[in-house]
Every structure is written in structure tokens, then in C-alpha cells.
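Colleague: starting from these lines, generate the structure:
(2 chains)
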Number of protein chains: 2
Amino acid sequence: MATDPTAESAPDTYEEFIETVQRLGNIEAAEGVLKWDQEVMMPEGGTPARAQQMSTLNGIAHETLTSDEMASYIDELSEADLSDDQQAVLREVRRQYERADAVPTELVEEISKTTSEAHPVWKEAKENDDFDQFAPTLENLLDLKRQEAEYVDPDRDPYEVLFEDYEPYLGLDTAEEILQTLRDELVPFVDELQDADADLADPFEGTYPVGDQRGLVREVLDTLGYDWEHGRLDDAPHPFSMGNTFDARVTTRFDEEDPLGALASTIHEFGHAFYTLGLPEEHYGTPLGQPRDLSVHESQSRLWENHVGRSRAFWDYFAPTLNDHLGTDFGVGELYEAANQIYPDNLIRVEADELTYHMHIVLRFEIERDLISGDLDVEEVPKVWNDRMEEYLGVRPDTDAEGALQDIHWSHGTFGYFPTYSLGSVMAAQLYAAAEDDITDLEGKIREGDFEPLANWLRENVHSQGKRYTTDELVREATGESFTADYFVEYVEDKFGDLYGI
Amino acid sequence: MATDPTAESAPDTYEEFIETVQRLGNIEAAEGVLKWDQEVMMPEGGTPARAQQMSTLNGIAHETLTSDEMASYIDELSEADLSDDQQAVLREVRRQYERADAVPTELVEEISKTTSEAHPVWKEAKENDDFDQFAPTLENLLDLKRQEAEYVDPDRDPYEVLFEDYEPYLGLDTAEEILQTLRDELVPFVDELQDADADLADPFEGTYPVGDQRGLVREVLDTLGYDWEHGRLDDAPHPFSMGNTFDARVTTRFDEEDPLGALASTIHEFGHAFYTLGLPEEHYGTPLGQPRDLSVHESQSRLWENHVGRSRAFWDYFAPTLNDHLGTDFGVGELYEAANQIYPDNLIRVEADELTYHMHIVLRFEIERDLISGDLDVEEVPKVWNDRMEEYLGVRPDTDAEGALQDIHWSHGTFGYFPTYSLGSVMAAQLYAAAEDDITDLEGKIREGDFEPLANWLRENVHSQGKRYTTDELVREATGESFTADYFVEYVEDKFGDLYGI
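Modeller: Just a heads-up that it's a prediction; the model follows:
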């Protein structure tokens, strides 16, 4: 196993500690491969064996993290004279250790069992369009997650504690402030756009063969700089990316009627994969070689998907490529408009556009926060959901299936995850603005198909840093400012104001 | 994790023991997935991370197997009143434990390091056609493996001990007797065939597109009964199969000029996969749900490849299928003859036919046995190799690359593995003869494309047994006789005598 190069001046304990950390990193990486295989390659009948393999590896990872050995390394190193990088590694592992160690195994197992059982209940309730069928299970999950939060820290808001599972360093205050800004700014802005009654082009009609679309997205990935020596592209029903600095894979999904959907989804997952490919090789398996948390990861996917892939400069370059693969003859303006359609009438988060998407998130955030605190009863969720949809987007779901039952997250016991999607978009805007400041004529370079300057900027300022900095430190190091929604608001107001002529 | 159903009447210790055994089984299954992914899907650049993941899982498997916990379960259960099935599980795990525990970690690591380094040395020596370049490395590997054998059992022939890593229960005496029979019977028989100067049909000319060949092998797999709900077919440079009872995958390799090569190789790997798919689900992860050793595994692949896939009845049924996919118009007789060509002039084991193949194995067996015992010096290997090729097959390699350097096995430190290939063929003949006795008109059923009776016979007599019996017990239970070469000799003399008109 590679020796961590930061260990030169550290005590022997640090080297032993790093070996255990790398062992944990390798188990988690193996789990990643098993999961990728399960989603992309595994024949369906393989499920029972795969579930046992995952459960075994999960157990071993947990034992490794909470071992007496790990505890004593952390104890000893807390008193040691460590370099900044070593301190960062210790900070990350300690945090992971403390959270895992705080929660009793019985509760972990009960949550795991309850979420396994919750999934089919949620699915059936959704099929039957009946929230009440899911309500007792949701109540139970909320109770278990409140207990978990209490074990981690009995003195703090349990939602804050749960949020930190996904975004440990940003602070719920910051997240809340940003989400409020999105709500306050975007709700009236979307109204204005609708009132403008502009008619954006959408030249796609009929169907476009998957083979042609595949050729298109592969060429786009080539041009953006995806390294096929360290990656691959496959189909998956729910696109995702998995990997590490040596092997980061993209999946996508094709719809014959919607080539821009596959393209946007592929570029999004490319952004995730490109992030992990830029992590420092020499730190593979340790926090310095691992991605910062979900909001940063999402900032990378959304930066490429939206700031690059939905820009006019992108279409200046790629319109001929698209026409070539699809046998069409669309103009740059048409494609740019088609890629930036907004659909305020849409009820479904995963089908939402770049702009209204955030209202779907704000509403989920508000509801799950109030559910965990107990300010909202489970039975009231469908009504509150529908009221807020009406308030924020002017549409009201007719059914629970299109309302409070649409997402899988809560059935997984996942509370506090939704905000990271919007935080990622907001961070993408701030990072992109900084890249524009640092790179002479970035737009012009993109228009010529030269993505290298942007790629290098991201590698240097984000990817190569791993978990060296906490999230806000990372943003400040990269942009010179603390995390703020200002750039996002400015970006959407400029882009959509321009497109809709307001 | 599933409870082992055999545990009903056993002490609690047995249940705890089985949990640890299943944990080990799951780690090994995860390693199997990682290996499959590496060979079939992984981008080449992923190697450094994958090597670390494999090394970590290997280490964890070793620790699990040799843990104090495992030792005390084995101790305690050795005194307990166990059922026959439980005794079988204990026998297998104890054997694995004792071998792993006997060899010091330092030696295991040195062997692992030396074999890693040996591979490029062997590869370069082969490229340079210079055995002397590889000789010191081979000397070193032999010495390390002799040490390993001595740790396992200082009182026995070290080659015997090493052979048991691959074939633990058959006994080297039996293997040796069978290989001698093959040599004594086949050498003169091949001479006779050559003298007969028959001219077997080989109607394949030019090239056959890979797409057509792929359609053919998929249809053959369908008809043989491969369960796609639990399997898949992919390309790999060195075809192999991997899996368990829930998920057993086949790989193959296509050559535009040799459609029968891809077909035979696919059927061979199907035989391996079909074996694991027939293991009992309720014992997944324990010895009762795992395949018996290499010779039995190889008996399954060779039974399907040779006794089925190279039979006239097979071609009676599949000739139209082949013609349909390849756009040819070959007769049954032509295809049957083409599938049974022999090539005594061939120097390369992996390109050998069903008959002369075994002379390649006998020669390797004799040489590696004498190398381990010290009766043969490393430097003499090329001359002995070439002399024996001349003696057994009447051809002499001009180069070491086509002689003693052709196979990768010794560079992996693998001594004692080669015999299992021939033992598998011999066992296939014995099993097939028993199936013919038990199934009314098996040949007629195959001629009609009905493979179910044979599949059921193999499932019942071989697959479902897992490691319940030792190898010879398994053969006796299935065939009523101890393992013998008689059926194989009779089979080849009948088939090839008939084809070559002697």
C-alpha cells in the first residue's frame, strides 16, 4: 500500500493510522464497484447474493472505522505535532469515527431493517396514490432518525445533526439562508418570466434513434475532456457516476423523444466523474484523495451541466455536432432556447428545469425540517406539500403520487439530503464566476471548443484539494469569498431575463 | 444473513461458526465481482486502485479465516455432535484454515511480491525467446513454494502438498496413475490416427462477422438452458466464468476466422457457469453452496464442450442454427468432422485439440513435479520440454517461446495446477457415461435439442452437492465407481477411431 507522502515528519502512529484509513477507503471503493455492477451489469437474479456481499462489506467498514485501534490512533494523534495536511486527514476521520461510534449498533441495525422494509411500502403507496399507507412508516423512520441525531448530539437541533451527514461543515444556518434567498428571489422572478409570455424555440419533434444520441454524447464527452483510459459510459435506469481518481464512470439514460435530456444528464454525470478523476492520485484511499461533500460534488456536475452545457457558447460550438449526429439542421439560437425552456407547471422534481427545480427543493427542505422538529405532523404532509407547490409554482398536484410520494429519499430514512442539490447549483454559479474572472475570455474559449482552461481551473481550485479544506474554506480559497447565493441569483436573472426578454 | 438450515440440531457455536464462514464467502464473492469487472469492464487506468482494493480484501479474507475466533469454533466443533452436512462444512473450513494458518505471513507476502515481479520477467523472456532470462526467477519461485509446502507438511512430498491446493482430496497417486494411462494410451493412438491419413472436412473459409457469431453462441446458450436472469455473456481476452448460484457469468472471445473456436469456448465457460448456478441457494456462502475443486469444475466445462458440443447429435440439432447465423450451408457430417480435427503438429497447449491436449499436460506435470523434487534442474527445462514434445507428439519446438515459456502458470508460482485440466476431461467422460446409463436415449434427446434430462442429471448428481463429498466420493455417488480413466480412453478411442476410420 502506498505510503502517504505527508507522513514524512509524523510519528510512526500516523503511518499506521493512514494504513487503517486506506484499508477503509479500499473497502468503500470495493462497495462502489459492487454497487455500479449491480445497477449497470448484474443480472436481476443476482440480488440475494449481492445484498449479502454489501452487508458484509458494510459491516467490515463499520468495524474498521470504530475499532479500538482506530480510536487509539485518533487519541494519540490528537496530541501529536502534525502538518496541516495531516491535521485535515485527522479531522475528517475523527468526525467519521465519532458519528459512527456514537450510534449504538442496535439502532443502526433497526434503521437499516426499517428502511429495507419501508421501500416496498412507499412503492405500493405511490402506486395506490395513497399517502396514508406510507404515513406510519414515515412516522417510524422520523422517530428512529431523531434518536440517531440525539445519540450524535443531544444538545443540538436534530435536523441540523442529520443535515451534517451530507454536508458536515457548511452549517444549517448558511444552508437555510441560501434556500430562503432562492425562494424570495426566484418565486417572483418565475412569475415575471411567465407573465412575459415569451415563446422559446423547441425544434425537437418525433424521435431520434438511441444509436445517434449515443454517438452525440460520446463526442461531447470526448471534447469536454473525459479520459476514456480512466472511465466508461453505460446505460442505467437512474443515471449516476461512481469512482475514484483512477476509474470514474459515467452512466446515462436515453429517451428517443428527448435527446437534450440524455445530453444534459450525461454532462451532469461527467461533472461528477471529472471531479473524482482530478483528485490527487498519491492520496487515493484517504480524505485528501476523496471528494469534499455532496454540495461540492453537485457543484461540479451542475457547473458542467448548466453553466457550460446550457450556455450559448456551448451551442455555438456543439450545434453542428448535434446536427451531424441527429441528422437535423437546427440553429444555435434554437438549441440554446430549447436547452433553457422552463416548465413552472411541472410537478415532478427530477423533470424540473434549472430554475424552478429549486422551488421543489425549498418545499422539501421546509417540510422535512418541520417533520424532524415535530412542528409538522406526518398526516398534514400532503396538504402542506400541495399548498406550497401552489404558493411557489402556481400549480397544485391532483395526487399524492405526483405530490408528497414522488421521491424515494424519505423511504430511505434520508432527511437533510435535499438541500445539497440546490446548494450545489448555488456553489456552481459562484465557482463559475470566479473562473470567468481568472480565465481570459472563458466564453470565447468555450465557443471554440477549448475546455482545457476551465478544466485546469477546476482541477487546481477544487479537485486537487480533496477534503483538505472544509467546505466554506474551499469556496473562499477558490473564489476569495464566503459561500453566497449572489452569483446564482445574478446568473439566472441575467440568463433567463435575457431569454425571456424581461 | 441467512441461517444455515443444517444448523437445527447443532450447538449455538455452529451457527456462529457459519456466520463467520458466510462472511468469508461474501468477501471472496466480492473479490470475484472485482476480478470480473477488472477483466471485462474496468478501464485500463483503474489498475492501481483495483490492485489496492484486491489486496485489502485478500488481507481481510485471510484475517477472517485465520482469526482466533475461527480457530476456537473449529476446536470446539471438532468435539461436537454434528450432522453429516455439518461435518462436511467443518472438514472443508478446517482444511482451509490449517493450510492458511501453517504458512507464515512473511512467506505469503514474499511469494506474493515475487510472483508480481516474476510476471514481467516471464513476459520479457518470452518476447526475447530466452529461457535463461526467466530461469533465476523460476528457481526462486520453486524455492519459495518448496518452503510453503514444508510449512504445511514437512513429512510429505512437497509437490503432493502443492497439488492439494487445487485438488485436495483426490491424492497425487490417483492423478499420476491417470496421467500415465493417458500417456500410455494416447501416444500410440495418436500415431495410429496420423498413419490412417484420413482427411477430415473443414469447410470454414474466409471470415465470419463477429455479430453473426455472437448471435449463434447466444442461441446455443439459450438452447442449452443458460438462465439469463442469473447470467450474462461478455467478451474477454482470456475467457473465464465467475459467479455463484445467483449470478454466474460467461465470457468469450471471437475470431473472425474461427467460429467453432468461439462456440467451443463459450460452451466450455457455460459448463463452468451452469455448475455454479446449480449449487444450492440455501447454502450460498458456505462450502455446501460452493463448487467442489478444480477437476470437478473442469469436468463440467469439458463435459459440455466435448461430450455435448463435439458430438454428432449436437450437430444434428445445431447445424441449421449455425448455417442460419453464419449464412452457410454446411452439412452435419462436415461440421462434426470440423469440430473434431486433431492437430498433433501444434506446439501450443491452449490451441490444442481435445485429444493431443493431454500430452501437453502430461509433459508439464512431469517437468514441474521433477522441478519441485529437485530431480530436474531449471536450466535443463527447455531441452527436456522439447525432447518430450518430440517423444509424445512427434514435433519439436524451435523456440522457448513456443516451448517452455508459453504458459503463464509457473510465473504465478502455480505448480500442481496443470494436472487438473486433464483430470477434468477424464472425469467428464466418466460422468457422461453414467448419465448415458441413467437417461433413456440421451443421444436422441440431444439430437432433438432437449438438454433438460442431462442438465437435471448433472444438477442432481454434481451441482447440488456442493462440497458435501470429497472428490472421489462425489464421483462414486454419481457413477457407482471410483475415479478411473477407462471411460475417457474408451470415449476417445471410439470417437476418433470412428472418425479416422481405424
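
Colleague: how close does A:T20 get to B:T66?
Modeller: Relative to B:T66, A:T20 is positioned 19 Å away (C-beta to C-beta, to the nearest Å). Placement of C-beta: from N, CA and C, glycine included.

Colleague: higher neighbour count, these two?
Modeller: B:T66 (19 against 16; other C-beta atoms under 10 Å in any protein chain shown).

Colleague: quick one, phi/psi of the more buried one?
Modeller: Dihedral pair for B:T66: phi -100, psi 20, per degrees, to the nearest 10.

Colleague: contact partners for it?
Modeller: B:Y97, B:A100, B:D101 (C-beta atoms under 8 Å, 6 or more residues apart in numbering or on different chains).

Colleague: pretty sure the last one sits against B:D68.
Modeller: No. With contact defined as C-beta atoms under 8 Å, B:D101 and B:D68 do not form a contacting pair (10.7 Å).

Colleague: more crowded one of those two?
Modeller: With neighbours defined as other C-beta under 10 Å, B:D101 and B:D68 compare such that B:D101 has more, 17 against 7.

Colleague: who are the contact partners of that one?
Modeller: By C-beta under 8 Å, 6+ apart, the neighbours of B:D101 are B:T66, B:A71.

Colleague: equivalent analysis for A:L144, please.
Modeller: A:L144 touches A:L107, A:E110, A:I111, A:T114, A:G413, counting by C-beta under 8 Å, 6+ apart.

Colleague: please apply the same query to A:L221.
Modeller: Contact analysis of A:L221 by C-beta under 8 Å, 6+ apart lists A:L233, A:V250, A:T266, A:F270.

Colleague: drop anything exposed from the contacts of A:L144.
Modeller: Neighbour-count burial (16 or more other C-beta atoms under 10 Å in any protein chain shown) is assigned, among the contacts of A:L144, to A:I111, A:T114, A:G413.

Colleague: how about whichever helix in chain A runs longest, does it reach chain B?
Modeller: The longest helix of chain A (DSSP state H) is helix A:12-40. Yes. Applying C-beta under 8 Å from any C-beta of the partner chain, one finds helix A:12-40 in contact with chain B at A:Q22, A:R23, A:N26, A:I27, A:A29, A:A30, A:V33, A:L34, A:D37.

Colleague: may I see the buried residues of the helix or strand containing A:K113?
Modeller: Assigning secondary structure by DSSP states H and E places A:K113 in helix A:105-127. Buried residues in helix A:105-127, defined by neighbour count with 16+ other C-beta under 10 Å: A:V108, A:I111, A:T114, A:T115, A:A118, A:V121, A:W122, A:A125, A:K126.

Colleague: again, but for stretch A:234-251
Modeller: Of all the residues in stretch A:234-251, those buried under the rule 16+ other C-beta under 10 Å are A:236, A:239-251.

Colleague: same thing with stretch A:43-57?
Modeller: Applying 16+ other C-beta under 10 Å to stretch A:43-57 flags A:P43, A:G45, A:G46, A:A49, A:R50, A:Q52, A:Q53, A:M54, A:T56, A:L57 as buried.

Colleague: how about the stretch 51-200 of chain A: which residue is closest to chain B?
Modeller: Chain B sits closest to A:T56 of the stretch 51-200 of chain A, with a gap of 3.8 Å, by C-beta to the nearest C-beta.

Colleague: farthest-apart pair in the contacts of A:L144, please.
Modeller: Spanning the widest gap among those are A:L107 and A:G413, at 11.4 Å by C-beta to C-beta.

Colleague: residue numbers of the stretch 301-450 of chain A in contact with chain B?
Modeller: Counting by C-beta under 8 Å from any C-beta, the stretch 301-450 of chain A has no residue next to chain B.

Colleague: count of neighbours near whichever residue of the stretch 401-502 of chain A sits closest to chain B?
Modeller: Among the residues of the stretch 401-502 of chain A, A:G466 lies closest to chain B, at 14.8 Å counting by C-beta to the nearest C-beta. A total of 25 residues lie near A:G466 under the criterion other C-beta under 10 Å.

Colleague: again with the one 3 residues further on
Modeller: Close neighbours of A:Y469, defined as other C-beta under 10 Å, add up to 18.

Colleague: thinking again about what came up before, can you check the pLDDT for the closest residue to the residue of the stretch 401-502 of chain A closest to chain B other than its chain neighbours?
Modeller: Distances taken as C-beta to C-beta, 6 or more residues apart in numbering or on different chains place A:L288 nearest to A:G466, at 4.2 Å, with adjacent residues excluded. In this model, A:L288 is scored at 98, pLDDT.

Colleague: helix, strand, or coil at A:L288?
Modeller: A:L288 falls in the helix class when you classify it by DSSP: H, G, I helix; E, B strand; the rest coil.

Colleague: how close does it sit to A:S464?
Modeller: Distance of A:L288 to A:S464, computed by C-beta to C-beta: 10 Å.

Colleague: joint contacts of those two?
Modeller: Counting by C-beta under 8 Å, 6+ apart, the common neighbours of A:L288 and A:S464 are A:P280.

Colleague: more crowded one of these two?
Modeller: Ranked by neighbour count (other C-beta under 10 Å), A:L288 and A:S464 place A:L288 first, with 23 against 16.

Colleague: before we move on, the earlier item: closest one of the contacts of A:L144 to B:V93?
Modeller: Distances from B:V93 to those, taken by C-beta to C-beta, are shortest for A:E110, at 31.4 Å.

Colleague: name the nearest residue to the closest one, sequence neighbours excluded.
Modeller: A:L144 (6.3 Å).

Colleague: and the helix or strand that contains A:Y97, what's buried?
Modeller: According to DSSP H and E, A:Y97 maps onto helix A:84-102. Using 16+ other C-beta under 10 Å as the test for burial, helix A:84-102 gives A:85-90, A:92-94, A:96-97, A:99-102.

Colleague: now do stretch A:133-144
Modeller: Neighbour-count burial for stretch A:133-144 flags A:Q133, A:F134, A:A135, A:T137, A:L138, A:N140, A:L141, A:L142, A:L144 (criterion: 16+ other C-beta under 10 Å).

Colleague: need the longest strand for chain A.
Modeller: Counting residues, the longest strand found in chain A (DSSP state E) is strand A:247-252.

Colleague: average pLDDT across that one?
Modeller: Averaged across strand A:247-252, pLDDT comes to 98.
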